[in-house]
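S.K.: Show me the folded form of this:
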Amino acid sequence: MIIVALSVSSITAEVLLPESSAKARLDDPVKVDPATEKVIRSSLAYLASKQAPNGAWLGESGEEVRYPIAITAYSLMAFQAAGNLPGEGEFGKNVNLAVRYLLSEIDEQGLIGDENSGQYMYFHGIASIALGELFGQTGDDTLRTKLEKMIKVIVSSQNPQGGWRYKPISHDADISVTVLAVVALRAAKNGGIAVPQKTIDDAVDYVRKCFNERDGGFGYQPGQGSGFARTAAAIYSLQVCGHYDDPKVASGSKYLSSRFKPGERWFTYGNFYAAPAQYMIGGKTWSDWYSNVSRVLKEKVRTDDKGNNFWERELDGSSPGPVYSTAVYTMILAMPYHYLPLYQR
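M.R.: Purely as a prediction, here's the structure:
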């Protein structure tokens with residue numbers, strides 16, 4: 001166990017880096033080569049250059065991004081994926097600012113997000129994942145107090161079907177919000193926060209109902225047609241709930257491999273789940289996936305006027321902007337580092 005100092009706001013804690021992280025790096029045949037490492041470092045510098053003084057992120061022209069909480073959470077995960085923690089690592093200062101911003105946006109009930117956007121639980125989910133991953137590496141009491149409240153919100157807002165929707169009180173569910181909820185629950189559970197088993201079991205039941213026997217993919221809701229991003233979200237949900245060997249996971253993985261099409265809508269969002277899902281399967285599936293996605297990303301990476309790497313919308317027109325694309329793609333490229341607990345088998 002490696003122990004280093006951590007500072008979040010005025011709280012000092014210890015960072016616990018498990019030996020399993022080092023073992024995972026040794027066991028994984030997929031490595032980050034020097035060219036990819038250079039892109040990762042440069043893209044993190046790009047993200048750092050877009051951070052506002054309050055810790056949130058700004059767009060290309062210096063304006064606030066459309067979804068500051070979500071984009072901050074994605075960016076925070078990108079920094080963590082490359083080994084940066086609050087006050088620790090080359091971009092430790094940026095991580096510290098991002099954490100302070102997210103913590104400041106959580107209300108007394110544990111909710112975080114823009115209630116007026118109509119996507120409240122989406123923001124809540126991704127922020128819970130980012131903070132849950134950080135808590136799993138630090139054990140910081142400030143994070144625990146906030147995260148426990150956030151997890152209670154997720155547990156209490158589960159739909160009777162077993163899934164989640166965009167509002168804390170919902171009468172239906174979909175796979176896009178459900179995946180965020182279950183990944184957040186897994187991140188919190190990894191860190192030692194209690195999660196009811198019934199919540200997990202009901203979520204698994206809901207995800208399985210979205211499966212389509214006809215093509216082996218998953219729909220947005222039960223009975224709906226399959227799609228790349230929907231299938232990626234579904235099989236990753238099953239995996240983080242512990243169902244690694246579910247036949248539907250293997251079927252979904254094959255579905256993803258046959259539909260890897262850069263430039264299509266939801267390519268960025270889909271790969272945020274597809275990459276870790278294929279990693280969990282491992283072997284040739286993961287090796288081929290990482291080889292394909294890293295090749296595409298290095299071919300399409302751009303350079304700004306400061307010499308920093310970033311990605312525009314050409315790989316996915318549905319992306320809300322280059323900060324989001326850069327955060328997600330950097331995270332994917334950095335997965336073989338095995339710093340994030342969620343990206344370890």
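S.K.: quick one, helices of the stretch 51-200 of the chain?
M.R.: 68-81, 92-104, 120-138, 141-156, 175-190, 197-209 (DSSP state H, counting those that start in this stretch).
S.K.: Those into TSV, with extra columns for distance to Tyr236 and mean pLDDT?
M.R.: Placement of C-beta: from N, CA and C, glycine included. Output for these, formatted as TSV (distance: least, Cβ to Cβ, whole Å; pLDDT from 0 to 100):
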stretch	distance to Tyr236	mean pLDDT
helix 68-81	14	96
helix 92-104	22	97
helix 120-138	12	95
helix 141-156	17	96
helix 175-190	6	96
helix 197-209	10	98
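S.K.: and of these, who's closest to Thr330?
M.R.: Between Thr330 and the helices of the stretch 51-200 of the chain, the shortest separation by Cβ to Cβ is 4.4 Å, and it involves helix 68-81.
S.K.: For the closest one, name the packing helices and strands.
M.R.: Where contact means 3 or more Cβ pairs under 8 Å, 6 or more residues apart in numbering; DSSP states H and E, helix 68-81 is packed against helix 34-49, helix 92-104, helix 120-138, helix 322-333.
S.K.: Any chance of TSV for the helices of the stretch 51-200 of the chain, columns distance to Phe218 and mean neighbour count?
M.R.: Formatted as TSV, those follow (distance: least, Cβ to Cβ, whole Å; neighbours: other Cβ atoms under 10 Å):
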stretch	distance to Phe218	mean neighbour count
helix 68-81	22	27
helix 92-104	30	20
helix 120-138	18	26
helix 141-156	21	18
helix 175-190	6	25
helix 197-209	7	18
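S.K.: hmm, back to that, JSON lines please, covering the helices and strands packed on helix 68-81 and showing distance to Ala194.
M.R.: JSON lines is the format used below for the helices and strands packed on helix 68-81 (distance: least, Cβ to Cβ, whole Å):
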{"stretch": "helix 34-49", "distance to Ala194": "33"}
{"stretch": "helix 92-104", "distance to Ala194": "21"}
{"stretch": "helix 120-138", "distance to Ala194": "13"}
{"stretch": "helix 322-333", "distance to Ala194": "28"}
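S.K.: Relative to Asp114, which of those helices is closest?
M.R.: Among these, if distance is taken as Cβ to Cβ, the winner is helix 120-138, at 6.4 Å.
S.K.: so how many other residues sit close to the residue lying closest to Tyr166 once chain neighbours are set aside?
M.R.: Among residues not flanking Tyr166 along the chain, Gln119 sits closest, at 4.9 Å (Cβ to Cβ, 6 or more residues apart in numbering). Around Gln119 there are 19 other residues, counting by other Cβ atoms under 10 Å.
S.K.: So Gln119 versus Trp164, what's the distance?
M.R.: 12 Å (Cβ to Cβ, to the nearest Å).
S.K.: Need the overlap of contacts for these two.
M.R.: Any residue near both Gln119 and Trp164 by Cβ atoms under 8 Å, 6 or more residues apart in numbering counts here, and not one turns up.
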